[in-house]
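Q: need a 3D model of the sequence below.
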Amino acid sequence: MGNLSSKKSSVRPRTESLLVVLVAAVILFIRKTDSILNPQFWAEDGTVFFLDQYHDGVSSIFQPVAGYLMVVPRIIAFLADLLFSVPAAPYVYNYLSLIITLLVVVSIYSPRLIMGNKALLALTIVLVPHVTNEIFLTANNTQWILTLLILITLLKEPPHKKYGDIFIQAFCDFLVIIICGLTGPFIVFSIPFFVWKLISEKSRYYFSLFLVALVTSLIQLSIIASHLFSQSSESEYDVVEPLAAIVGQKFFGGLFLGSSIPYKINAFFLCFLLFCLCILLAYLSAGDKRRKFKIATFMGFSTILLLATFYKFKFNLYVLIPPANGPRYFYIPYVMTVWSLIACIDLRRKWKSTVIKVLLVIVLISSLTSGFRSHFIDLDWQSYGKLIGKEQNLIIPINPWGWAIDMRQN
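A: Residues are numbered from 1 along each chain as shown. Okay, here's the model as predicted:
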C-alpha cells in the first residue's frame with residue numbers, strides 16, 4: 001500500500017507538469033501567433049546572431065554582445081546554420097526559444113524545489129504583463145527566461161539520493177549555472193544570494209555551487225568591465241522625476257494597473273503603494289525562514305536588476321517611461337514580484353491568502369489588457385533568404401519596423 005501511494009503521489013505532479021507545459025505553450029501561441037505560424041527574425045536575432053554566424057561561423061559563439069557573452073543564442077544560431085537552410089532559420093530560432101521557455105516552465109516541478117502552488121509559479125513565466133511580448137520566442141531574449149532558471153537552481157534543495165543519482169543532480173545544476181550564466185549579465189547580480197545561501201546552509205554542495213557561479217560571473221564581469229571603460233560620458237540631469245515615473249508608473253503601475261491607467265496617476269503615490277507592498281511581503285514572510293529567503297531573493301534580485309537598468313540608462317532615463325519602451329527590463333521584476341505573492345498564498349490566516357489572491361487576479365487582468373497579443377509585419381523573409389549568397393549589397397528588412405540585416409561584408 002505504501003508503494004502504491006508513493007507511485008500515485010509521483011504521477012500526479014508529473015501529470016500536472018505536462019498539463020501546465022501544454023497550457024503555457026497555448027498561451028505563448030496566443031501571445032505570439034506569428035512567431036510560430038510565420039516566423040521572422042526579431043531585432044538582434046537577425047542583425048547580430050544570424051549575421052555573425054553567417055560571416056564568422058562557430059568562432060562567433062564567444063563574441064560578446066552589448067558587453068557580455070550570449071552563449072545560448074549563439075548556439076541556436078550555430079545549430080540553425082549547421083542543420084537547416086537559410087530561409088528556415090527564423091523557424092529554428094523561434095522554436096528553440098519556445099522549447100527553452102517551456103523547459104524553464106517545467107523546471108518549476110523539480111521535486112527539489114520546495115514551493116507550493118507550482119502551477120501558478122510556472123504559468124507566471126508566460127502570463128505576466130509584457131506590452132510588446134518581445135521576451136517570448138526570440139533567441140536574444142532567452143537570456144531573461146534563463147535567468148529564472150539560475151534562481152530556481154539556487155532555491156533547490158541539495159542533491160539527495162531520494163531524487164535520483166546525486167552526481168547527475170549536481171552536474172546538471174553546475175551545467176545550468178554555467179550555460180545560463182554565460183548568457184547575459186545576470187549571474188553577476190545573483191552572486192550575493194549564492195553567498196547568502198552558502199552562509200545559511202553551510203554545505204559542500206552550496207560551496208561548490210557558489211564557486212561555479214563565482215567563476216562564471218567573473219568571466220562575464222571581465223567582459224562587462226572592459227565594455228564600461230570604453231563608453232564615453234555624457235552630461236547628467238535631475239533623475240528624481242523620471243525614476244519616480246519608472247518605479248511607480250512603469251514597474252508598479254504596469255504590473256497591477258495595465259499600460260495606460262498608471263500614467264494618469266501621480267508617480268510618487270504609486271511609489272508609495274509599491275513601498276506598502278514591500279512592507280506587506282516582509283510582514284507575511286516573517287517567522288518562516290524558507291519563505292523569507294525566497295521572497296528576499298526574489299525582491300532583492302529585482303532591486304539589483306532595476307538599479308543596473310537605471311545605471312545603463314542614467315543619461316536618458318526618460319526613454320524607459322513609455323509602456324512599450326524597454327519592457328524586457330521589467331519582465332524579471334514582474335515575475336519576481338508575482339512569485340513573492342504566490343509564496344504567501346498558503347498562509348494559515350484566510351484573510352492573508354485572500355488579499356494575495358485578489359492581487360494576483362489584478363495582475364492577470366493587467367496582463368490581459370496590456371497588449372497581450374502582438375503581431376509581426378510580414379516582410380517576406382522567405383524570399384529574401386533565398387537571395388542570400390546570390391545577390392550582392394543585400395539589405396533585408398526585419399521586425400521590429402526599421403531594423404534590417406545588412407548582408408554586405410564589411
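Q: mind jotting down where the helices sit in the stretch 51-200 of the chain?
A: 51-56, 71-83, 89-107, 118-127, 142-155, 166-181, 186-201 (DSSP state H, counting those that start in this stretch).
Q: same thing with the stretch 301-410 of the chain?
A: 328-342, 350-368, 381-387.
Q: quick one: closest of these to Leu273.
A: The closest of the helices of the stretch 301-410 of the chain to Leu273 is helix 350-368. By C-beta to C-beta, the value is 11.3 Å. All C-beta atoms are positioned from the backbone trio N, CA, C, and that covers glycine.
Q: still on that earlier bit, could you identify which of the helices of the stretch 301-410 of the chain is most buried?
A: The highest average neighbour count among the helices of the stretch 301-410 of the chain, using mean count of other C-beta atoms under 10 Å, belongs to helix 328-342 at a mean of 23.
Q: where does this protein have low pLDDT?
A: For the chain, applying pLDDT under 70 flags the ranges 1-11, 229-237, 347-348, 409-410.
Q: start and end of stretch 29-37, how far apart?
A: Taking C-alpha to C-alpha, to the nearest Å, stretch 29-37 runs 9 Å from one end to the other.
Q: before we move on, what about stretch 24-43?
A: Between where stretch 24-43 begins and where it ends, there is a gap of 24 Å, by C-alpha to C-alpha.
Q: got the buried residues for that stretch?
A: Judged by neighbour count using 16 or more other C-beta atoms under 10 Å, the buried positions of stretch 24-43 are 24-25, 27-28, 31-32, 34-35, 39-43.
Q: quick one on the thing from earlier: between the helices of the stretch 51-200 of the chain, which one is closest to Tyr334.
A: helix 118-127 (8.5 Å).
Q: packing partners for the closest one?
A: Under the contact criterion of 3 or more C-beta pairs under 8 Å, 6 or more residues apart in numbering; DSSP states H and E, helix 118-127 touches helix 2-31, helix 89-107, helix 328-342, helix 350-368.
Q: who does the second one touch, helix- and strand-wise?
A: Contact analysis of helix 89-107 by 3+ C-beta pairs under 8 Å, 6+ apart lists helix 2-31, helix 33-37, helix 71-83, helix 118-127, helix 142-155 as its packing neighbours.
Q: relative to helix 142-155, how tilted is that helix?
A: 20 degrees (axes from the mean of the first three to the mean of the last three C-alpha atoms, to 10 degrees).
Q: centre of the chain versus helix 89-107, how much separation?
A: 13 Å (C-alpha atoms, centre = their mean, to the nearest Å).
Q: same check on the third one?
A: Put simply, helix 328-342 sits 9 Å off its chain's centre (C-alpha atoms, centre = their mean).
Q: residues in contact with that helix?
A: Helix 328-342 has contacts (C-beta atoms under 8 Å, 6 or more residues apart in numbering) with 117, 120-121, 124-125, 128-130, 134-135, 141, 144, 147-148, 186, 250-251, 254-255, 277, 281, 294-295, 298-299, 301-302, 305-306, 309, 320, 356, 359-360, 363.
Q: give me that answer again for 7 Å
A: Residues from elsewhere that reach helix 328-342 (C-beta atoms under 7 Å, 6 or more residues apart in numbering): 117, 120-121, 124-125, 128-130, 134-135, 141, 144, 147-148, 250-251, 254-255, 281, 295, 298-299, 301-302, 305-306, 309, 356, 359-360, 363.
Q: next one: the last one
A: Around helix 350-368, the neighbours that count as contacts under C-beta under 7 Å, 6+ apart are 127-129, 255-258, 284, 338, 341, 344-345, 347.
Q: could you check the angle that helix makes with helix 118-127?
A: 30 degrees.
Q: just want the angle from helix 350-368 to helix 328-342.
A: Going by the same axes, to 10 degrees, helix 350-368 makes 160 degrees with helix 328-342.
Q: dump helix 350-368 to CSV, restricted to CA.
A: In CSV, the C-alpha atoms belonging to helix 350-368 read as follows (Å, rounded to 0.1, in the frame of the first residue of the first chain):
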residue,chain,number,x,y,z
LYS,A,350,-7.6,33.2,5.5
TRP,A,351,-7.6,36.9,5.1
LYS,A,352,-3.9,37.0,4.1
SER,A,353,-4.4,34.4,1.4
THR,A,354,-7.5,36.2,0.2
VAL,A,355,-5.6,39.5,-0.2
ILE,A,356,-2.8,37.8,-2.1
LYS,A,357,-5.3,36.0,-4.5
VAL,A,358,-7.0,39.3,-5.2
LEU,A,359,-3.7,40.9,-6.1
LEU,A,360,-2.8,38.0,-8.4
VAL,A,361,-6.2,38.4,-10.2
ILE,A,362,-5.5,42.1,-10.6
VAL,A,363,-2.1,41.2,-12.2
LEU,A,364,-3.7,38.8,-14.6
ILE,A,365,-6.3,41.4,-15.6
SER,A,366,-3.4,43.9,-16.1
SER,A,367,-1.7,41.4,-18.4
LEU,A,368,-4.7,40.5,-20.4
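Q: just how off-centre is that helix within its chain?
A: 22 Å.
Q: so how far is Ile179 from Phe186?
A: 13 Å (C-beta to C-beta, to the nearest Å).
Q: try Leu96
A: From Leu96 to Ile179 the distance is 14 Å (C-beta to C-beta).
Q: ditto for Lys118
A: The value you get for Lys118 to Ile179, if C-beta to C-beta is used, is 23 Å.
Q: circling back to that earlier point, and Leu96 and Ile179? Which one has more around it.
A: Between Leu96 and Ile179, Leu96 has the larger neighbour count (other C-beta atoms under 10 Å), namely 20 against 16.
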